[in-house]
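Student: Got a sequence here, can you build the structure:
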Amino acid sequence: MSADDQQFLDLLSSIPNQIKRYSSDVADYIDKAVEQAADGVRDSLSSASWLPEYARARFPARPPPPVESTVPMSAYERAHDWVVRHQYLCGAVVVISVYTTYRIVRRNKLSKKPRRAKRARNGGRQEVVVIAGSPTLPLTKALSLDLERRGFIVYIVCNSIEEEMMVQGVSRPDIKPLGVDITDPPSAGTSIEHFVTYLQTPHAPVPRANPNYLSLTSVILIPSLNYQTSPIATIPPSSFADLFNTHLLHPILTIQSFLPLLTSRITPHGEKASPPKVLVLTPSIISSINPPFHAPEATVCSALSAFTEVLSAELRPLNIPVTHIQLGTFDFSSFTPHHHPAHTSNLLSTAETRHWPEAARHAFARNYVSQSTSAIAAGRVRGLRGSSLRDLHNAVFDVLDGSDASPVVRVGLGAGLYGFVGRWAPRGLVAWMMGIRRVDELSAWEGSGASSEKSSGTGSESEEFVAVKGMEEEEGEEGIDSGANVWKEV
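Tutor: Below you'll find the model as predicted:
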């Protein structure tokens, strides 16, 4: 039998099965149609009004359609269903909760940490800290008192007899002045040599006790934290020169004078001590966002930050750690109880602008007064007193004992927040939040000839710079009379 014959036979054998299936489908369809038609006829006859009651068909009531049984969900199942439908929100909540818990636990653990300086075998003080900062600064006072309370011997660098007397007036036996004339390098070198000799000489804490040697733990640099705000156009070049000399060059020369001491490995005899650390403390709010009218602070602090990075790179191969502590806002009310409220600052700013030339007032006065009363005027967060000084003291101690080895430590209200804003927020948005608005009307340009004619009766005052109030008042009028400036009285 050929393959074609076999295929034909298979087709014939499948015909009865197909006929049976098709006939079954047709019968089922006809049965359903007939049943539906019969139901319709019975329903019509049972409800027809023209048939007598006895002729109407009686049908049993149809059962109601089955109702799906609903089982109530448990609380766990409802919670699981909500979490599945809000996965991203739940993930964000978990991350924030874990981070917050970590910070709280770490903060509580660090707050309970005992922070005391190491003692010598005879019970006397052994670790020495040098603070290179003006004794008049509240931060220098607060930090020196706290380190002395924790068991350090604190030396404050003094540049004059008045500063030495101020340090001695604290009446703390372990807070001592260290006279170093930074402006005279040979004299500064001699003072450092005397200090090294003092460290290498054994000292007895009490009479008849075994003497011990002192070890240099750290040099803490605290530049000036006070800066005047003013438009760049109204700051004379002499004031910029004085600013860079006192606020920038002086700290750099101070570190330069102590570098031979830091790199000489002055350690107690027979003991292995860790190398001294260098701490540089600078304000960070203004230098993070560089707002208008803060050119002195933004310029100096940015330069000090760059200097600190270079210093760290040079001392890292020598195993001398350098830490840059960026400061936020702190509560210095216990050291400076008198402060001006916001409305007083507004009045002072308005009064200051009256001494500016007319052209400068037209260009900058309105925005200057607005930013003076903004949320971060003078580097402070309005409405908040600032962080407690204890946070700063703990941060400094953790760097000294090696618990915190970070190259940059941010501490204080606003230090981390404004650092983030400065990196990511648009500059225009920051200026707008400080009240800076577009100036549409400016004064007309007055040439030098017209200016000389109008100011012929005023003498030398017509060519004076507009002094930055409170900047360098002790230098008298000679410090602001030299040179020339386009902003003149007209």
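
Student: element containing residue 136?
Tutor: For residue 136, there is no host helix or strand (DSSP states H and E).

Student: repeat for the one 10 residues further on
Tutor: Secondary structure assignment for residue 146, by DSSP H and E: helix 138-149.

Student: Would you mind writing the CA trace of that helix as PDB?
Tutor: Extracted in PDB, the C-alpha atoms of helix 138-149 (Å, rounded to 0.1, in the frame of the first residue of the first chain):
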ATOM      1  CA  PRO A 138      35.800  84.100  71.800                       C
ATOM      2  CA  LEU A 139      36.700  80.800  70.100                       C
ATOM      3  CA  THR A 140      40.300  81.000  71.400                       C
ATOM      4  CA  LYS A 141      39.000  81.600  74.900                       C
ATOM      5  CA  ALA A 142      36.400  78.800  74.800                       C
ATOM      6  CA  LEU A 143      38.800  76.200  73.300                       C
ATOM      7  CA  SER A 144      41.700  77.000  75.600                       C
ATOM      8  CA  LEU A 145      39.500  76.700  78.700                       C
ATOM      9  CA  ASP A 146      38.000  73.400  77.500                       C
ATOM     10  CA  LEU A 147      41.400  71.800  76.600                       C
ATOM     11  CA  GLU A 148      42.800  72.900  80.000                       C
ATOM     12  CA  ARG A 149      39.900  71.400  81.800                       C
END
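
Student: Mind giving me the packing neighbours of it?
Tutor: On a contact count with 3 or more Cβ pairs under 8 Å, 6 or more residues apart in numbering; DSSP states H and E, helix 138-149 meets strand 127-133, strand 153-158, strand 175-179, strand 215-222, helix 389-400. For glycine as for every other residue, the C-beta is placed from the backbone atoms N, C-alpha and C.

Student: Point out where the stretch 351-490 of the chain drops to low pLDDT.
Tutor: 375-384, 443-490 (pLDDT under 70).

Student: ranges for the helices of it?
Tutor: 358-360, 366-372, 389-400, 415-424, 427-433, 448-454 (DSSP state H, counting those that start in this stretch).

Student: In CSV, list the helices and strands packed on helix 138-149 along with distance to residue 97.
Tutor: Shown next, in CSV, are the helices and strands packed on helix 138-149 (distance: least, Cβ to Cβ, whole Å):
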stretch, distance to residue 97
strand 127-133, 39
strand 153-158, 42
strand 175-179, 45
strand 215-222, 37
helix 389-400, 23
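
Student: Now render those as JSON lines, adding mean neighbour count.
Tutor: Listed next are these as JSON lines, based on neighbours: other Cβ atoms under 10 Å:
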{"stretch": "strand 127-133", "mean neighbour count": "24"}
{"stretch": "strand 153-158", "mean neighbour count": "24"}
{"stretch": "strand 175-179", "mean neighbour count": "19"}
{"stretch": "strand 215-222", "mean neighbour count": "24"}
{"stretch": "helix 389-400", "mean neighbour count": "20"}
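
Student: Helix, strand, or coil at residue 233?
Tutor: Using DSSP: H, G, I helix; E, B strand; the rest coil, the structure places residue 233 in helix.

Student: let's number from 373 now, not from 1
Tutor: Sure, I'll start numbering at 373, so the last one becomes residue 605.

Student: Let me see the confidence value for it.
Tutor: Looking at residue 605, its pLDDT reads 86.

Student: What of the one 4 residues further on?
Tutor: Looking at residue 609, its pLDDT is 88.

Student: List the beta-bridge partners for the closest residue to residue 763 other than its chain neighbours.
Tutor: Once flanking residues are discounted, residue 763 sits nearest to residue 783: 5.6 Å by Cβ to Cβ, 6 or more residues apart in numbering. Under DSSP bridges, the beta-bridge partners of residue 783 are residue 699.

Student: List the contacts of residue 783.
Tutor: Contacts for residue 783 were tallied using Cβ atoms under 8 Å, 6 or more residues apart in numbering; they are 697-700, 759, 763-764, 767.

Student: distance of it from residue 807?
Tutor: According to Cβ to Cβ, to the nearest Å, residue 783 and residue 807 sit 28 Å apart.

Student: what do you get for residue 742?
Tutor: For residue 742, the distance to residue 807 (Cβ to Cβ) stands at 3 Å.

Student: How about residue 745?
Tutor: Relative to residue 807, and taking Cβ to Cβ, residue 745 is found at 8 Å.

Student: mind listing what the nearest residue to residue 597 once chain neighbours are set aside touches?
Tutor: The spatially closest residue to residue 597, leaving aside those adjacent along the chain, is residue 655, at 5.5 Å (Cβ to Cβ, 6+ apart). Counting by Cβ under 8 Å, 6+ apart, residue 655 makes contact with 597, 669, 673, 698-699, 751.

Student: one more time with 10 Å, if that's ok
Tutor: 511, 595-599, 669, 672-673, 676, 698-701, 751, 784, 787 (Cβ atoms under 10 Å, 6 or more residues apart in numbering).

Student: Residue 782 too?
Tutor: 656, 660, 696-700, 767, 788-791.

Student: can you put those in TSV and add distance to residue 616?
Tutor: Formatted as TSV, the contacts of residue 782 follow (distance: Cβ to Cβ, whole Å):
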residue	distance to residue 616
656	19
660	21
696	20
697	22
698	21
699	21
700	25
767	29
788	28
789	29
790	24
791	24
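
Student: wait, which of the residues you listed is closest to residue 631?
Tutor: For the contacts of residue 782, the minimum distance to residue 631 (Cβ to Cβ) is 17.0 Å, reached by residue 696.

Student: For the strand or helix carrying the closest one, give the mean pLDDT please.
Tutor: Using DSSP H and E, residue 696 maps to strand 694-699. Strand 694-699 carries an average pLDDT of 95.

Student: burial count for residue 618?
Tutor: For residue 618, the count of nearby residues is 15 (other Cβ atoms under 10 Å).

Student: And for residue 538?
Tutor: Residues contacting residue 538 under the criterion other Cβ under 10 Å number 17.

Student: Disregarding flanking residues, what is the spatial nearest neighbour of it?
Tutor: The shortest distance from residue 538 to any non-neighbouring residue, by Cβ to Cβ, 6+ apart, is to residue 507 (4.6 Å).

Student: between the helix holding residue 518 and strand 694-699, how many degrees?
Tutor: 120 degrees (axes from the mean of the first three to the mean of the last three Cα atoms, to 10 degrees).

Student: So for stretch 691-704, first residue to last residue, what's the gap.
Tutor: Using Cα to Cα, to the nearest Å, the span of stretch 691-704 from its first residue to its last is 35 Å.

Student: How about the contacts made by the residue nearest the centre of the chain?
Tutor: Against the mean C-alpha coordinate of the chain, by Cα atoms, centre = their mean, the closest residue is residue 788 at 1.5 Å. Counting by Cβ under 10 Å, 6+ apart, residue 788 makes contact with 656, 660, 698, 700, 782.

Student: 8 Å instead, please
Tutor: By Cβ under 8 Å, 6+ apart, residue 788 lies in contact with 700, 782.

Student: and the gap between it and residue 684?
Tutor: The value you get for residue 788 to residue 684, if Cβ to Cβ is used, is 20 Å.

Student: Please apply the same query to residue 764.
Tutor: Per Cβ to Cβ, residue 764 is found 21 Å from residue 684.

Student: Low-confidence ranges, the stretch 423-572 of the chain, go.
Tutor: For the stretch 423-572 of the chain, applying pLDDT under 70 flags the ranges 423-443, 482.

Student: Now with 90, please.
Tutor: Residue ranges of the stretch 423-572 of the chain with pLDDT under 90: 423-465, 467-498, 531-532, 542-543, 553-558, 560-561, 569-572.
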